[in-house]
Structure formats: C-alpha cells, structure tokens
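Undergrad: predicted coordinates and the sequence they were generated for:
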Amino acid sequence: MIRKRNTKFALNHIASNKTASHFLTNIKSISTYGLLTTLFALFTMTASITTAQAELVDLSSPEPVIKFASREADWSKSPVFDFDFDFNRGYFFCIDKEIRERTRFFHGQKLKVLLELLVDRQGEIVKVNIKETSGNKCFDRSAARQIRSGRMRPFVFEGKAIRGKVDVPIIFIAE
C-alpha cells in the first residue's frame, strides 16, 4: 500500500507542477505532429494506389519489319553449325550450356527446328526465336545460338535496306 500512495502522490505532484502543463502541451504538439504524419502517409499511399493517367509512348523503331520468304534470304556469310562427335563411341552429342546436360544423337536421327530471324538493315541477325521445336531442347538452343555466327545480305524493299524477318529451317541428320 505504501507504494500505491507514493505513486499517487508523485502523479499528483507532477500534475500540480508548472512543468506538467508544459509537458502536456508538448504531448499535444507531438500528437498533432503524429496526426499530420499519419494523414500524409495515408495520402501518399492513396496517391500511389490511384492509377495515373498517362499517354503511352511507343519507343520502338518506327521502321516497319517486313516478313520475307526463306527463298528471299541470302547469306553473305553462312553460319557454322558445329556439333560434337565422340570418335571413340561413334556418335554426335550436344551439351546444353544452360542446364549443363549432354544429349546424344542416335545414328540416323533427324532433327528439324524452324527459327525465325530478325535481321537489321546491315544484315546482322538481331534476334532468333524458335518457331517450331525439334523436340530436343539442346539441339534447338544450340542451333539458335550457332545461327548467329552467320550474316545475311540486307533485305531490300522499294530500293532501301530495311529490317526484316525470315523463317529458316535447320535440319540435322546424325550420320
């Protein structure tokens, strides 16, 4: 009980002191500041959730990309396709560099992949997409990577070199 009385007495003493009114004033200003901070935070969160009205700007090249037939494609430098051959065992194999897996091609196995190439105005192969897979991921990825070693003559439309797309079939027979 003594502790309870001392506690009451101490609180009563603080409440009657001049510093108590200053303390309470500070609490009010802190509360006001906290309220303003909370309101600002809520406003910021609401503003970030609200969708902004903006105009979409197309930053892609204004130059059209025309699709050409594969017979219109002309290589200035043919690509080099190189698959490893195990002379001791007598078979071709492919090493997928992404997953570090070795795939064997059986004698007489025929693989065909259809690649779509994006060629710039200088004839450089900019992008390669696999349109139709051979069923062998290692072969598909390797063919897509190795075709970039080649260079094409630029596609011409109305007398000007332009960007173009062309489908190129790659056929490999393990013999």
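TA: Perfect, thanks for sending it. Numbering: from 1, shown residues only.

Undergrad: break this structure into its domains for me.
TA: 2-49, 66-173 (automatic domain parsing).

Undergrad: avg pLDDT for the last one?
TA: Confidence over domain 66-173, taken as the mean pLDDT, stands at 86.

Undergrad: start to end distance for it?
TA: 32 Å (CA to CA, to the nearest Å).

Undergrad: for this protein, just list every one of the strands.
TA: Per DSSP state E, the chain carries strands over the ranges 66-68, 75-77, 84-86, 91-96, 101-105, 110-119, 125-132, 151-152, 155-157, 160-162, 164-173.

Undergrad: out of those strands, nearest to Arg141?
TA: Closest to Arg141 of the strands of the chain, according to CB to CB: strand 91-96, at 6.2 Å. Quick note: C-beta positions are derived from backbone N, CA and C, even for glycine.

Undergrad: the closest one - contacts with which helices or strands?
TA: strand 84-86, strand 101-105, helix 137-146 (3 or more CB pairs under 8 Å, 6 or more residues apart in numbering; DSSP states H and E).

Undergrad: want to try CSV for these, with distance to Ile162 and mean neighbour count as columns?
TA: As requested, the helices and strands packed on strand 91-96 are exported to CSV (distance: least, CB to CB, whole Å; neighbours: other CB atoms under 10 Å):
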stretch, distance to Ile162, mean neighbour count
strand 84-86, 38, 12
strand 101-105, 38, 14
helix 137-146, 23, 20
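
Undergrad: to Ala174, which of those lies closest?
TA: Using CB to CB, the nearest of the helices and strands packed on strand 91-96 to Ala174 is strand 101-105, at 3.8 Å.

Undergrad: quickly run through the sheet partners of that closest one, with directions.
TA: strand 91-96 (antiparallel) (DSSP bridges).

Undergrad: in the strand it pairs with, what counts as buried?
TA: For strand 91-96, a neighbour-count test (16 or more other CB atoms under 10 Å) marks Phe92, Cys94, Asp96 as buried.

Undergrad: that'll do, ta.
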